[in-house]
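Show me how the following folds:
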Amino acid sequence: PHTSAATPSLISPKTCLAVDGLASYLPVVRFRTVYRHFIVVISVYSVVQGVSTMQAPQWTEFLQCPICLQLFNDVSRLPVSLACGHTVCKSCLSNLQRRQCQFCSSPITTDIEKLPVNDALLLLSGASLRRSPPPLESRTGDDLHYHEGKEAIESMALLLKPLSMAGTVGSSNNGILSRPMQRKLVTLINCQLVEAEGRARAMRAARSLGERTVTELLLHHQNQQQLSSNLWAAVRQRGCQFLGPALQEECLRLILLALEGGVQLSRKVLVMYVVQQLQEKKYHQASKTSVGHVVQLLYRASCFKVTKRDDESSLMELKEEFQSYEALRREHDSQIVQIAMEAGLRIAPDQWSSLLYGDTIHKSHMQSIIDKLQTPESFNHSIDELVIALTRSGDPFNLGDLREHFEYLSSTGSSSELFSADWEMCAKGMQAVEAVVNGLVRFVQATQKSKSSELQQAYNSKYKTSMCKDMQTRGICPRGVTCSFAHSDEEMERLVCLEHGVCVYHLSDANRSSTVVEPKI
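Residues are numbered from 1 along each chain as shown. Prediction:
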């Protein structure tokens, strides 16, 4: 009863469920209650003493301390980022009993008073910045490189300013940065550049953000109307097929049912069984050819263990790791994503979810598959594809100037040892990722403005050219004078055209031949 309101949030939900499960076996009701209180007290005490780790905070709650749950400010809640990438307010950091992170147990090797305040988070919180240089025990030039990298991160943090005003990322999306870009940018903002481990983490975050920027630009340069047809054409070229979200799921479940328990079947028998079951379930569009292409897709994904026989058909058996629908479906989806990547197609996770499942609730599932298929060479391939796309479009926004920055980020690699002590490389990496992110923002803003102008032009061309249905049916229009449709025959016959800087009105009255010309205002 004496704990604060923030105390329950320190305990993991899994811990609470485990306590409830254990307590349910205790016969005495009063003893169950005492037992639960005892476990809660022990959990809170363990967190305070640093014996156990806390549950990691949500990435969207980047403006509050994950321990005390208070918003960062420049008075009593100064944000301090650790080398592991977690950020805690200085008050909570000073009260730790053990010098280790409460979320990942990473040791804190630097004196807390020497750790710099995260000015980027203060900037987003609306607080005033404190430009006191950190005490760097290194060469004289390192201080300059530190501030160059720090200023680049703070400049990119301003892109989250409209979002931070609403409290969390995504609650007030301005449409410029996608959610994956926001998440990677938040990761970079929480990196600390004073320690070698923090610089290595910042370089990896910068590389990841640069790679995502290339993907975003490729998505903007693709023809979205032909994306679906190009994908399924690439799948068919490899002897495979996708039958639609519902039919494909039913087909995979039947294949799993037929080969359940280590059963071995020939390809022909397996296909005929699945087709027969689908026909009985009213999927009359299913054929031996289409189902055979689905089996071929799983064969390409190495889901089968094939036993060859002399003068007879080979027997197919599902591998042990794919004998559940979730595992089989994940490997099936991975194979389709890999085919799309080989064909040079870049598809967003929400688009993948819509194409393969017919909804948008499988975005995280598809994003994890895309991340797993990424290789160190994927960044270079994406840069080459972007150069080709810009050549085809004529590059009206001069995005080709970003190529050297992309290539620098790609050349840094993902090894943490590579950047352990190179301050100049770290500063150059932060400036490179700042350049490419700002280039993406300028491109998105220009395209949005162009689309808005086109929509406005199309809207103006149809203004007052048809009768208002509300006026025709009910005799009154709730929009009044702001309605885009005509309220009378005279108003509909009045044509407003802009020519040579004047407005010409053809009036419908007793003298229809008269024309009034007025200066354009």
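
Do you have the strands of the stretch 101-250 of the chain handy? List them.
Read by DSSP state E, counting those that start in this stretch, the stretch 101-250 of the chain holds no strands at all.

Tell me where the protein has strands.
Per DSSP state E, the chain carries strands over the ranges 79-81, 87-89, 265-266, 304-309, 312-318, 496-499, 502-506, 515-519.

from the chain's centre, how far out does the shortest one sit?
For strand 265-266, the separation from the chain centroid amounts to 41 Å (computed by CA atoms, centre = their mean, to the nearest Å).

The top helix by length along the chain packs against which elements?
Taking DSSP state H as the criterion, the chain has its longest helix at helix 423-461. Helix 423-461 sits against helix 140-157, helix 179-189, helix 196-220, helix 403-411, with contacts defined as 3 or more CB pairs under 8 Å, 6 or more residues apart in numbering; DSSP states H and E. The C-beta positions use only the backbone N, C-alpha and C, and glycine is treated the same way.

average pLDDT across that helix?
Averaged across helix 423-461, pLDDT comes to 82.

now that helix against helix 140-157, angle please.
With axes from the mean of the first three to the mean of the last three CA atoms, to 10 degrees as the basis, helix 423-461 and helix 140-157 are set at 20 degrees to each other.

what about helix 423-461, distance to the chain center?
Distance, centroid of helix 423-461 to centroid of chain: 18 Å (CA atoms, centre = their mean).

just the angle between that helix and helix 196-220, please?
Angle, helix 423-461 to helix 196-220, by the same axes, to 10 degrees: 30 degrees.

If you count neighbours, what's buried in helix 423-461?
Neighbour counts over helix 423-461 (16 or more other CB atoms under 10 Å) mark 423, 425-437, 439-441, 443-444 as buried.

hey, where'd the helices end up in the stretch 1-150 of the chain?
Under the criterion DSSP state H, counting those that start in this stretch, the stretch 1-150 of the chain contains helices at 13-23, 29-49, 90-94, 119-125, 140-157.

Send over the third one as CSV, restricted to the C-alpha atoms.
The reference is to helix 90-94. Extracted in CSV, the C-alpha atoms of helix 90-94 (Å, rounded to 0.1, in the frame of the first residue of the first chain):
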residue,chain,number,x,y,z
LYS,A,90,20.2,11.2,-14.5
SER,A,91,18.2,11.0,-11.2
CYS,A,92,17.4,7.3,-11.7
LEU,A,93,20.9,6.6,-13.0
SER,A,94,22.5,8.1,-9.9
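
Packing partners of it?
Here helix 90-94 touches strand 79-81, going by 3+ CB pairs under 8 Å, 6+ apart.

shaky segments in the chain?
In the predicted model, the chain carries pLDDT under 70 at residues 1-57, 59, 128-141, 162-175, 413-421, 452-462, 494-521.

go with 80
1-60, 127-142, 161-175, 224-225, 413-422, 450-465, 474, 478-482, 489-521 (pLDDT under 80).

and the residue nearest the centre of it, what is it in contact with?
Nearest to the geometric centre of the chain sits residue 180, at 2.6 Å (CA atoms, centre = their mean). By CB atoms under 8 Å, 6 or more residues apart in numbering, the contact set of residue 180 is 212, 349, 367.

Residue 399 now?
Contact analysis of residue 399 by CB under 8 Å, 6+ apart lists 217, 386, 390, 439, 443.

which residues touch the residue nearest to the first one when sequence neighbours are not counted?
Using CB to CB, 6 or more residues apart in numbering and skipping residues adjacent in sequence, the residue nearest residue 217 is residue 386, 5.7 Å away. For residue 386, the contacting residues are 214, 217-218, 221, 399, 406, by CB under 8 Å, 6+ apart.

Equivalent analysis for residue 360, please.
Neighbours of residue 360 in contact, by CB under 8 Å, 6+ apart: 350, 353-354.

any idea how far residue 181 is from it?
Distance from residue 360 to residue 181, counting by CB to CB, to the nearest Å: 18 Å.

Residue 446 now?
Separation of residue 446 from residue 181 (CB to CB) stands at 17 Å.

And residue 111, by the same measure?
Between residue 111 and residue 181 the computed distance is 35 Å (CB to CB).

Repeat that for residue 372.
Distance of residue 372 to residue 181, given as CB to CB: 20 Å.

okay, these two: which has more neighbours?
residue 181 (19 against 11; other CB atoms under 10 Å).

can you pull out the helices in the stretch 251-400 of the chain?
Using DSSP H, counting those that start in this stretch, helices in the stretch 251-400 of the chain cover 267-280, 288-300, 325-342, 349-357, 363-373, 376-393.

can you redo those as TSV with distance to residue 310?
As requested, the helices of the stretch 251-400 of the chain are exported to TSV (distance: least, CB to CB, whole Å):
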stretch	distance to residue 310
helix 267-280	17
helix 288-300	21
helix 325-342	30
helix 349-357	39
helix 363-373	38
helix 376-393	42
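
I'd like to know which of those helices is closest to residue 478.
Closest approach to residue 478 among the helices of the stretch 251-400 of the chain is made by helix 349-357 (35.0 Å; CB to CB).

can you list contacts of the closest one?
Under the contact criterion CB under 8 Å, 6+ apart, helix 349-357 has outside partners 180, 227-228, 231, 242, 245, 248, 333, 336-337, 347, 359-367, 370.

And stretch 214-234, what's buried?
Residues of stretch 214-234 classed as buried: 214-218, 220-222, 227, 230-232, 234 (neighbour count, 16+ other CB under 10 Å).

that older thread, would you mind getting the angle between the longest helix of the chain and helix 403-411?
For helix 423-461 against helix 403-411, the angle between stretch directions is 130 degrees (the same axes, to 10 degrees).

and the angle from helix 423-461 to helix 179-189?
Orientation of helix 423-461 against helix 179-189 (the same axes, to 10 degrees) gives an angle of 150 degrees.

can you start the count at 10 instead of 1 from here on
Understood, numbering begins at 10; the last thing we discussed is helix 432-470.

want to try a markdown table for the contacts of residue 395, with distance to residue 165 as columns?
Putting those into a markdown table (distance: CB to CB, whole Å) gives the following:
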| residue | distance to residue 165 |
| --- | --- |
| 223 | 16 |
| 226 | 17 |
| 227 | 21 |
| 230 | 23 |
| 408 | 18 |
| 415 | 16 |
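
Could you measure from the closest residue to residue 419 other than its chain neighbours over to residue 418?
Take residue 419 and drop its neighbours on the chain: the residue closest to it by CB to CB, 6+ apart is residue 388, 4.3 Å away. Distance from residue 388 to residue 418, counting by CB to CB: 7 Å.

So which of the two has more stuff around it?
Applying other CB under 10 Å to residue 388 and residue 418 shows that residue 418 carries more neighbours, namely 26 against 23.
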